[in-house]
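In: sequence first, predicted model second:
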There are 2 protein chains.
Amino acid sequence: MFEPVKNQRVSDEILQQIRDAVLAGKFQIGDRLPNERTLAEQFVASRTSVREALRGLEQQGVIYTKKGVTGGAFVADLDHRLVSRSFQTLLTLRKISINHIAEVRLIFEPEAARLAASRATSQDLEEMEEVIETMNNAVEAGKSPTSFDLKFHKLVARAADNPILEMLADSMLEVASQVITELHPSLEVLRHVVRRHLEVFEAIKNKEGDLAFSLMSRHIVDVQRRLAPPPNDNGRKGRSIVRK
Amino acid sequence: MFEPVKNQRVSDEILQQIRDAVLAGKFQIGDRLPNERTLAEQFVASRTSVREALRGLEQQGVIYTKKGVTGGAFVADLDHRLVSRSFQTLLTLRKISINHIAEVRLIFEPEAARLAASRATSQDLEEMEEVIETMNNAVEAGKSPTSFDLKFHKLVARAADNPILEMLADSMLEVASQVITELHPSLEVLRHVVRRHLEVFEAIKNKEGDLAFSLMSRHIVDVQRRLAPPPNDNGRKGRSIVRK
DNA sequence: ACTATACAATTGGTCAGTCCATTCAACCTT
DNA sequence: AAGGTTGAATGGACTGACCAATTGTATAGT
């Protein structure tokens, strides 16, 4: 029914106040916060507590700090990397498997391609074309083209003009890349991938959403079949026992 | 070309070491870390630095702390809430709009329903049925049924047995709820929602994936049409000027 | 006049030490 | 046996000092 009016810790209270101020837009991105000693004075707390609060905010990605006379705590420009990192952590802890990622990619990437077909700007298209070209060069030169491969998929997600999709794409591709890099696909396979990308690109460029959708879908299924043989039973044996 | 071999800050170094140890599984969930004074000794650092590191880990969701003689720093059970919170932050900073969420929901939730149809456990089904019933009671009693509404959607995502989907659903519904609660839908509308839920539930229960997909799809479109009038041009006028 | 060096001021980073608040188990009293 | 007391362990907070990095500025040298 009732809750304690304040956080237990002084540092939490400070963290919360600064966080709220930043999220409320009372500071612009890049703005410098008062220095630690001043903050301590304003909060009527010790520098220790202020610093603990700042460490927390730093971990949250809300601020970053620099040393020196021009240093201090600055309001950071939060972006999806924050989410991506959390993703990574969960993956490391095996709360998520590579199969989960595969499944999700198959759900949203084709849709992203469809959206991209209707929303891609000329700049988006240029970048896609360029990255396909770059990947092609890398393939023919025998270099690892993985990063350009990922980049293409990310660009498609970005062209879909929905930051959530972009975030998802970035997070999951980044993680998936760890697996992909360990394989060493043949020249033939790589050429095939480039061709697929080109097809998807053309569809997006020609604003053929449905085509882009199905091409992307096929491409992903294709790659995944090469990446990992499907699980034996094509289903699950069970799920984690404890859920919450 | 070269990178500094170590973190600048002592507290970062400590944070990293503890984090790695935890992620490497050297501690089990719920295990208690050495107390602050011992850690300081082991790291040959001050308690201050250790505490700053612990504050950071706490923000990351890796540990939690308790006071008292049985207290200390304990290894936390990381779950998707970690990602959800990052999402929330980004949302608050308006990097994401409610329309973006709507779009993504429409991509994921129908698929989740389809997957749920083939993967839902009997327990999942029970919980769904119960929450529908509870929502119905709330509606007829004139109480706010929003939380049960959300709960149903979350349960479907959970039944899809992919933690990423669950995570997405949780994050986005949580945020969307802020908007939903502000509306006060009529009794008629609410009853309609309950009916829809029931239909989706039946489809899942009968393992009719495609049906569940389309029903969920229709339901979401339906609700969203009521929630917010679609943007005038049914498209976008532009996009944010700055991208990165 | 220009450049390079030295210096000083500011800011975050670290430390040692002290004391407080909370928690709970062991002990004592009734 | 019940209930209360106490004390040890632990995190929380504070103080004051000093270190380290950074950069503007003054100064010396050319």
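Out: Here it is on my side, so go on.
In: and DNA strand C, is the helix or strand containing residue A:18 touching that?
Out: Assigned by DSSP states H and E, residue A:18 belongs to helix A:10-23. No: against DNA strand C, helix A:10-23 shows no contacts by C-beta under 7 Å from any atom of the strand, the least distance being 11.1 Å. For the C-beta atoms, the positions are set from N, CA and C on the backbone; glycine is no exception.
In: beyond that helix, next helix or strand please.
Out: Next element after helix A:10-23 (DSSP H and E): helix A:36-43.
In: which helices and strands sit right next to that following helix?
Out: helix A:10-23, helix A:47-60 (3 or more C-beta pairs under 8 Å, 6 or more residues apart in numbering or on different chains; DSSP states H and E).
In: what's the most buried one of those?
Out: helix A:47-60 (a mean of 23; mean count of other C-beta atoms under 10 Å in any protein chain shown).
In: after that helix, which helix or strand is next?
Out: Next along from helix A:47-60, by DSSP H and E: strand A:63-66.
In: other SSEs contacting that next one?
Out: Taking 3+ C-beta pairs under 8 Å, 6+ apart as the contact cut, strand A:63-66 packs with helix A:47-60, strand A:72-75.
In: what's the longest one in contact with?
Out: Outside of helix A:47-60, the residues within contact range by C-beta atoms under 8 Å, 6 or more residues apart in numbering or on different chains are A:9-12, A:14-15, A:18-19, A:36-37, A:39-40, A:43, A:63-65, A:73, A:82, B:11, B:48, B:51-53, B:55-56, B:58-60, B:89.
In: please list which of the residues you listed also come close to DNA strand D.
Out: Subset of the contacts of helix A:47-60 in contact with DNA strand D: A:9, A:10, A:11, B:48, B:51, counting by C-beta under 7 Å from any atom of the strand.
In: and which of these is nearest to residue A:226?
Out: residue B:51 (48.9 Å; C-beta to C-beta).
In: from residue A:151, how far out is that closest one?
Out: Distance of residue B:51 to residue A:151, given as C-beta to C-beta, to the nearest Å: 41 Å.
In: now swap in residue A:80 and tell me
Out: Counting by C-beta to C-beta, the gap from residue A:80 to residue A:151 is 15 Å.
In: who are the packing partners of the longest helix belonging to chain A?
Out: Ordering each helix of chain A by length in residues (DSSP state H) puts helix A:98-119 first. Applying 3+ C-beta pairs under 8 Å, 6+ apart, we find helix A:98-119 packed against helix A:146-159, helix A:163-182, helix A:187-205, helix A:209-227, helix B:98-119, helix B:163-182.
In: between the fifth one and helix A:98-119, how many degrees?
Out: Helix B:98-119 and helix A:98-119 meet at an angle of 140 degrees, taking axes from the mean of the first three to the mean of the last three C-alpha atoms, to 10 degrees as the criterion.
In: in helix B:98-119, what's buried?
Out: For helix B:98-119, the neighbour count (16 or more other C-beta atoms under 10 Å in any protein chain shown) marks B:98, B:100-105, B:107-119 as buried.
In: what sits against residue A:23?
Out: B:89, B:92, B:93.
In: please name the nearest non-neighbouring residue to the second one.
Out: Nearest residue to residue B:92 in three dimensions, chain neighbours excluded: residue A:23, at 4.9 Å (C-beta to C-beta, 6 or more residues apart in numbering or on different chains).
In: quick one: pLDDT of the one you found?
Out: Listed pLDDT for residue A:23 reads 89.
In: for it, give its distance to residue A:104.
Out: 28 Å.
In: same deal with residue A:161?
Out: 20 Å.
In: spatially nearest residue to the residue in chain A that chain B sits nearest to, not counting backbone neighbours?
Out: Per C-beta to the nearest C-beta, the residue of chain A with the smallest distance to chain B is residue A:59, at 4.0 Å. The shortest distance from residue A:59 to any non-neighbouring residue, by C-beta to C-beta, 6+ apart, is to residue B:59 (4.0 Å).
In: give me the pLDDT value at the one you found.
Out: For residue B:59, the model assigns a pLDDT of 93.
In: residue A:196 too?
Out: For residue A:196, the predicted pLDDT is 95.
In: burial count for the closest residue to it other than its chain neighbours?
Out: Among residues not flanking residue A:196 along the chain, residue A:219 sits closest, at 4.4 Å (C-beta to C-beta, 6+ apart). Using other C-beta atoms under 10 Å in any protein chain shown, residue A:219 is surrounded by 21 other residues.
In: measure residue A:219 to residue B:159 for me?
Out: Distance from residue A:219 to residue B:159, by C-beta to C-beta: 29 Å.
In: tell me which element whatever residue of chain A ends up closest to DNA strand D falls in.
Out: Taking C-beta to the nearest atom of the strand as the measure, chain A has residue A:68 as its residue closest to DNA strand D, at 2.4 Å. Counting by DSSP H and E, no helix or strand carries residue A:68.
In: and chain A, which of its residues are near DNA strand D?
Out: So chain A meets DNA strand D at A:8-11, A:45-49, A:52, A:66-71 (C-beta under 7 Å from any atom of the strand).
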